[in-house]
Each structure stands twice: as structure tokens, then as C-alpha cells.
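Enquirer: sequence first, then the predicted structure, then my questions.
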Amino acid sequence: MNNGSILSQNVLVLNQNYEPLSVCSAKRAFLLIFMGKAEMIEKYDGVKIHSILTSYPLPSVVRLERYIKSPRKKILLSRKNIIIRDKATCCYCGSTKGPMTVDHIIPKRLGGSDSWENLVCACDRCNNKKGDRIPAKAGMKLLRKPKRPTHITYIQRFIGVNDDRWKPYLFME
């Protein structure tokens with residue numbers, strides 16, 4: 001791996017209180033460490049950033065030295081993000097096979113909204129069976145109640161965890 005591709009690796013950024021804040025490039029994380037604004041908490045094994053005179057470990061997780069009050073990023077409500085949130089699993093039968101659609105639990109004609117709490121991933125079979133009815137009228141039940149993804153869920157599923165060292169900080173262990 002050359003320094004160019006190394007510096008584009010994702011690094012988990014924690015607030016001073018160890019709360020997951022964001023993900024940045026290794027280049028940005030290294031600059032934060034070098035300027036004294038962050039400390040390295042975890043590093044990639046055996047991977048180094050080389051300069052002319054020395055080499056440095058590549059950060060995997062960094063923690064900011066000062067607490068940053070940051071507004072939570074809004075996750076865009078979209079078909080793709082509903083499918084990611086539901087892990088491409090039908091919320092009625094649990095199937096992961098075939099193409100997935102997005103279904104309104106309460107149909108729009110009955111006052112249902114386009115919201116995280118009213119949209120779910122559904123397989124074609126279940127979506128056709130339910131039709132333009134509420135699940136109870138179609139003799140169906142939701143396997144889990146849909147909800148708006150949290151900031152931590154956003155990092156876990158939407159950005160992805162590319163290093164197992166991130167898991168304790170994202171409550172995945």
C-alpha cells in the first residue's frame with residue numbers, strides 16, 4: 001500500500017467523551033494528531049505512514065482533545081436508505097431474496113406519511129399481498145417496528161465498519 005492509498009483509509013473520530021462523532025480520512029486524522037487536536041486511540045496493525053526521516057503508525061480511531069458540540073446529521077429519507085436501515089430484509093416475512101421494494105405501512109390514501117416510522121423494506125411477494133391496505137387487514141404483521149436511524153446506526157450501516165477496532169466504540173460488541 002502506498003502513502004496515497006493509505007491516507008485515504010477511513011478513521012473513526014470520537015469526541016472527547018468517546019462518543020462517535022464522524023469518520024474522516026487517515027490524512028485528516030494524522031493532521032489532527034500532528035497539530036495536537038486529537039490523540040490516537042487505535043492504530044492499523046503494521047501499517048505506517050512514511051516520511052523522509054521517520055514513519056508513523058496509521059490511525060484507525062482518534063479521540064478529540066476538546067469536546068465538540070456537534071448537531072446530529074440528518075440522514076436523508078430515501079428508498080436506498082430504508083433498504084440499508086432494514087438490512088435488505090423484508091419486514092413482513094424476513095426474506096432477503098429477490099428485489100426489495102419500499103412499502104408504506106399505513107398507505108398514503110389512509111393518511112400514511114413518507115417517514116422513517118411508516119416506510120419499511122418489503123419483498124415483492126409481501127408488498128403485492130399487502131396491497132393498498134394496512135398490515136392487519138391483509139393478515140400480516142411487522143417483524144419489527146421501524147424507526148429513524150441514530151447517528152451511531154448511520155456510521156454502522158451507512159458508512160460501514162471497515163475495522164474491527166471500531167466495534168467497541170460503536171456498541172457492536
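Expert: Structure received. Residues are numbered from 1 along each chain as shown.
Enquirer: show me what the longest strand seen in the chain is packed up against.
Expert: If you go by DSSP state E, the chain has its longest strand at strand 38-50. The contact analysis (3 or more C-beta pairs under 8 Å, 6 or more residues apart in numbering; DSSP states H and E) places strand 38-50 against helix 3-6, helix 26-34, strand 55-64. C-beta here means a position set from N, CA and C on the backbone, and glycine is covered the same way.
Enquirer: now these as JSON lines including mean pLDDT, distance to residue 41 and mean neighbour count?
Expert: As requested, these are exported to JSON lines (pLDDT from 0 to 100; distance: least, C-beta to C-beta, whole Å; neighbours: other C-beta atoms under 10 Å):
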{"stretch": "helix 3-6", "mean pLDDT": "68", "distance to residue 41": "18", "mean neighbour count": "12"}
{"stretch": "helix 26-34", "mean pLDDT": "94", "distance to residue 41": "10", "mean neighbour count": "18"}
{"stretch": "strand 55-64", "mean pLDDT": "94", "distance to residue 41": "4", "mean neighbour count": "20"}
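Enquirer: right, and those - which one's nearest residue 77?
Expert: Checking these against residue 77 by C-beta to C-beta gives helix 26-34 as the closest, at 28.3 Å.
Enquirer: just put the helices and strands packed on strand 38-50 in CSV and tack on distance to residue 85.
Expert: Formatted as CSV, those follow (distance: least, C-beta to C-beta, whole Å):
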stretch, distance to residue 85
helix 3-6, 30
helix 26-34, 27
strand 55-64, 24
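Enquirer: identify the bridge partners of residue 14.
Expert: Beta-bridge pairing for residue 14 (DSSP bridges): residue 20, residue 63.
Enquirer: what residues are up against it?
Expert: The contact partners of residue 14, taken as C-beta atoms under 8 Å, 6 or more residues apart in numbering, are 20, 21, 41, 61, 62, 63, 64, 169.
Enquirer: sorry, back to before: who's in contact with the longest strand of the chain?
Expert: 1, 3, 6-7, 9, 13-14, 26, 29-30, 32-33, 55-65, 163, 165-166.
Enquirer: try it again at 6 Å.
Expert: Outside strand 38-50, the residues that touch it by C-beta atoms under 6 Å, 6 or more residues apart in numbering are 32-33, 55-64, 165.
Enquirer: next: stretch 122-129.
Expert: Applying C-beta under 6 Å, 6+ apart, the contact partners of stretch 122-129 are 90, 92, 93, 95, 98, 101, 103.
Enquirer: domain boundaries for the protein, per the record?
Expert: 3-71+151-170, 79-138 (automatic domain parsing).
Enquirer: how long is the last one end to end?
Expert: The stretch domain 79-138 measures 23 Å between its terminal residues, going by C-alpha to C-alpha, to the nearest Å.
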